[in-house]
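Enquirer: Here you go, sequence then predicted model.
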There are 2 protein chains.
Amino acid sequence: MANKTIDPAELPRLLELACARNRARPARLGDWEYLRFTGHFKSLPEGTAAFGDTVIWGYPKIGRIFQLKTGLAAQLDAPFWIEEKIDGYNVRIFRHGDDILALTRRGFICPFTTDRLTDFINPAVFAEHPELVLCAEVAGPGNPYNEGSPPFIPEDVQFFVFDVMRRNQPDFLPQQDRLRLLETFGLPGVPQFGSRRLSDWEEIGALIMRLNREGREGLIFKEDSPRNRRVKYVTGNSNLSDIRVSDTSIQQLPAEYFMHRILRLVVFMEEHGIEPTPELCRELGQSLLGGALATVRQFRDHHKVFHTFRCRFRQQANAELMMQTMGQRLGAGQVRQQRLAEEGDYYLLEFTKVLPKTTGLLGHLLDGGIVFD
Amino acid sequence: MANKTIDPAELPRLLELACARNRARPARLGDWEYLRFTGHFKSLPEGTAAFGDTVIWGYPKIGRIFQLKTGLAAQLDAPFWIEEKIDGYNVRIFRHGDDILALTRRGFICPFTTDRLTDFINPAVFAEHPELVLCAEVAGPGNPYNEGSPPFIPEDVQFFVFDVMRRNQPDFLPQQDRLRLLETFGLPGVPQFGSRRLSDWEEIGALIMRLNREGREGLIFKEDSPRNRRVKYVTGNSNLSDIRVSDTSIQQLPAEYFMHRILRLVVFMEEHGIEPTPELCRELGQSLLGGALATVRQFRDHHKVFHTFRCRFRQQANAELMMQTMGQRLGAGQVRQQRLAEEGDYYLLEFTKVLPKTTGLLGHLLDGGIVFD
């Protein structure tokens, strides 16, 4: 990755231009005001956020390979580090004045992650290194964004730091420096599988098959080179989980969501010699039908399709900010607080998100509407 | 349907305008020259064809209901005729000079249907009524367009007339007139289930469940009224068949193809009280995985993804015209004649159609290419 720091003297003009071109927008949540990049502009990617003269670079997209052996050979040149890919949501955590904030992939301040990060991230790291930005996956059944979560997180959420950046810079800390930093401050990292080469392909194949059996999502490969290229590769079973989780939102996600996952599953099966056994076929069919039927029945009962989320907060005010930011982003009528109550050391927020497209389509169809196809 | 005949004096100007607006294009096959409507223009729908001053109206789209009971109630006012919907391709058959020609839905002359129609359609109907246009479904494993076909047609193809129009007119013959015409000339019609009302809903429900068990596609409802409104409704199993047949073309069809069918299946199950049994789930999973795996393996063996079609022709020249028109429509490299040989009273044409998108995508993925999603 090229080192493209920004000349501080150029920054105000750059941000002004990005706003004029509609690639950045002013955002406000509570007392925090910032600019959020809704698209890439010059060297700044989508999801970049600017707090005054501090820029938090957007996290780059990582390409996906569908076939392990040819994919690694075609995409990576040097030895590579192997890390687990965790099925959660991507945040960037950084210090802003006296606060430690968390940004979502799209550059929104996340009140939930911001509230909970001190449960997982030792703030001393920012006292000593105020310029650092921790890139982490937050996963678990108590998260406010995703329906699915890894099977090894039984409740609430966990944090997994997988990269470290610096303010005003796009580059990542070298692998060894990051691992040392995590160790020094006792920060939770993603599981590491060490450095390997292409010739270790059989060992990597055995590793992915183990993750597949354990219901884990997959691997990230990080080239040990100045360009620090990365690719991702997921297990066959992670596609089944994605389908299972998301068929309640059958019309919410693009249809490609499902077909791409079925294609990934099939390429995975073909490469790793997995047969379409009756059990596997039944599991796929059940994944597709089960949730979709539940959705139709939910619509019959409630005249809308929605998901219920339950998240723990340390501070009540952050739960309220969470409702506020989701109302702004999804439309006030689509997000509804069901409950906010003290429970042990936490405030438990329970809220529903309506899926407007599914709700609209099912309403049309079940009322006897027609479709031309 | 409004009666919108064309004033013959206006026709040349209308066709000229349609060509200028790029809604109609000159087409030529063998000795036949005509204009084909690639989009709708004024009162003329897509698929309309003009042979000199004779216009063959495009066959209109029929809306689909997803739910039987509410759908019939919402869409139809009067008693309605019920007919079987046959899983084939739609043609319009008419007399042009000394020839009897068949047009596809999109308005192309189909050399296969044109060649074979005298095996099924008594030409006396055109001797006596030269102005008629027979709208028919052609179905069976020996068809040149669709991979799937109804289970009750063991080989070759069959013709099923379901509507009759007149040249230069968009209207359909009234139901009784059509049935009388078919009887008079011994023409094959679609299976008829008589006239019913909304209050016959339970009987209609039992009928669709019987068709579902028999692996048949579904029903067309034709309102017995001047507006002659139609809707279609398919069985749950027809969605499974569609998925099974088309997953060899997983990236060829829009992804919505699959998701819409799964949604239809689920709404059907919910309305008719069908549970997602292990057998049904397995069948859906097998439908999705089986063909997709075969596709990946076909690509490994042949470096492309293709289907093989086998069709019987009466005349060798028509088989050659069929190859010619498909080459023009799909690109010369995509359609390849494998064999053309006399076999009994027929010439058997065997040809392959390459699926370029699937071929391109699998080539990219299996070579280790990456995708950003």
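Expert: Sure thing, it's come through.
Enquirer: residues touching A:Leu198, list them.
Expert: A:Leu198 makes contact with A:72-73, A:76, according to Cβ atoms under 8 Å, 6 or more residues apart in numbering or on different chains. All C-beta spots, glycine's among them, are computed from the backbone N, C-alpha and C.
Enquirer: could you redo the last one with a cut-off of 10 Å?
Expert: By Cβ atoms under 10 Å, 6 or more residues apart in numbering or on different chains, the contact set of A:Leu198 is A:69, A:72-73, A:76-80, A:204.
Enquirer: could you pick out which of those are near chain B?
Expert: By Cβ under 10 Å from any Cβ of the partner chain, the members of the contacts of A:Leu198 lying near chain B are A:69, A:72-73, A:76.
Enquirer: domains for chain A, by residue range?
Expert: Domain ranges of chain A: A:61-234, A:237-292, A:306-354, per automatic domain parsing.
Enquirer: Export those domains as TSV, with columns for mean pLDDT.
Expert: Shown next, in TSV, are the domains of chain A (pLDDT from 0 to 100):
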stretch	mean pLDDT
domain A:61-234	96
domain A:237-292	82
domain A:306-354	95
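Enquirer: Can you tell me which helices and strands the helix ranked longest in chain A packs against?
Expert: If you go by DSSP state H, chain A has its longest helix at helix A:278-302. Contacts defined by 3 or more Cβ pairs under 10 Å, 6 or more residues apart in numbering or on different chains; DSSP states H and E place helix A:278-302 against helix A:236-246, helix A:256-272, strand A:306-313, helix A:356-366, helix B:256-272, helix B:278-302.
Enquirer: on that earlier part again, winner for burial among the domains of chain A?
Expert: domain A:237-292 (a mean of 20; mean count of other Cβ atoms under 10 Å in any protein chain shown).
Enquirer: Spit out the contact partners of the closest residue to A:Tyr145 other than its chain neighbours.
Expert: Distance criterion Cβ to Cβ, 6 or more residues apart in numbering or on different chains; nearest residue to A:Tyr145, sequence neighbours excluded, is A:Tyr89 at 4.9 Å. Applying Cβ under 10 Å, 6+ apart to A:Tyr89 gives the contacts A:104-105, A:110, A:112-113, A:136-139, A:143-146, A:157.
Enquirer: what do you get for A:Pro26?
Expert: A:19, A:33-36, A:50.
Enquirer: Tell me which two of those residues sit farthest apart.
Expert: Within the contacts of A:Pro26, A:Cys19 and A:Glu33 form the most distant pair, 13.3 Å apart (Cβ to Cβ).
Enquirer: Look at the two and report which has more neighbours.
Expert: When neighbours are counted by other Cβ atoms under 10 Å in any protein chain shown, A:Cys19 and A:Glu33 differ, and A:Cys19 comes out ahead with 15 against 11.
Enquirer: so what's the more buried one up against?
Expert: A:Cys19 neighbours (Cβ under 10 Å, 6+ apart): A:25-26, A:35, A:37, A:41.
Enquirer: Is it in a helix, a strand, or coil?
Expert: The local conformation at A:Cys19, judged by DSSP: H, G, I helix; E, B strand; the rest coil, is helix.
Enquirer: Would you state the predicted confidence (pLDDT) at it?
Expert: Note for A:Cys19: predicted pLDDT of 96.
Enquirer: before we move on, what about the one 3 residues further on?
Expert: According to the per-residue confidence, A:Asn22 scores 95 in pLDDT.
Enquirer: ok, and A:Thr70, which helix or strand is that part of?
Expert: Assessed by DSSP states H and E, A:Thr70 sits inside helix A:68-75.
Enquirer: And that helix, what does it pack against?
Expert: By 3+ Cβ pairs under 10 Å, 6+ apart, helix A:68-75 packs against strand A:63-65, helix A:201-213, strand A:218-223, strand A:230-234, helix A:256-272, helix B:356-366, strand B:370-371.
Enquirer: Tell me which of these approaches B:Asn228 most closely.
Expert: That would be helix A:256-272 among the helices and strands packed on helix A:68-75, by Cβ to Cβ, at 37.4 Å.
Enquirer: A:Gln328 contacts A:Pro111, doesn't it?
Expert: No: in this structure, A:Gln328 is not within contact of A:Pro111 by Cβ atoms under 10 Å, at 11.7 Å.
Enquirer: Next, the contact list for the residue nearest to A:Arg300 when sequence neighbours are not counted, please.
Expert: Counting by Cβ to Cβ, 6+ apart, A:Leu366 is the residue found nearest to A:Arg300 once chain neighbours are left out, at 7.5 Å. By Cβ under 10 Å, 6+ apart, A:Leu366 lies in contact with A:296, A:299-300, A:303, B:66-67, B:70-71, B:267, B:270-271.
Enquirer: Most widely separated two among those?
Expert: Spatially, the most separated pair among the contacts of A:Leu366 is A:His303 and B:Gly71, at 18.3 Å (Cβ to Cβ).
Enquirer: on that earlier part again, looking at the contacts of A:Pro26, which one is closest to A:Leu117?
Expert: Checking those one by one against A:Leu117 (Cβ to Cβ), the nearest turns out to be A:Tyr34, at 17.5 Å.
Enquirer: for chain B, what are the nearby residues on the stretch 51-200 of chain A?
Expert: A:61-76.
Enquirer: Specify which member of those is nearest to B:Pro8.
Expert: A:Phe66 (58.5 Å).
Enquirer: so what's the residue nearest in space to the middle of chain A bridging to?
Expert: By Cα atoms, centre = their mean, chain A has its centre lying nearest to A:Tyr89, at 2.4 Å. Beta-bridge pairing for A:Tyr89 (DSSP bridges): A:Val138.
Enquirer: got it, and the one 10 residues further on?
Expert: The residues listed as beta-bridge partners of A:Asp99 by DSSP bridges are A:His96.
Enquirer: Next one: it from B:Ile220, what distance?
Expert: The gap separating A:Asp99 from B:Ile220 is 64 Å, by Cβ to Cβ, to the nearest Å.
Enquirer: what does A:Ser241 give?
Expert: 40 Å.
Enquirer: Over to A:Gly360?
Expert: 27 Å.
Enquirer: Please apply the same query to A:Glu275.
Expert: 41 Å.
Enquirer: Then A:Arg180?
Expert: 71 Å.
Enquirer: Please apply the same query to A:Gly369.
Expert: 18 Å.
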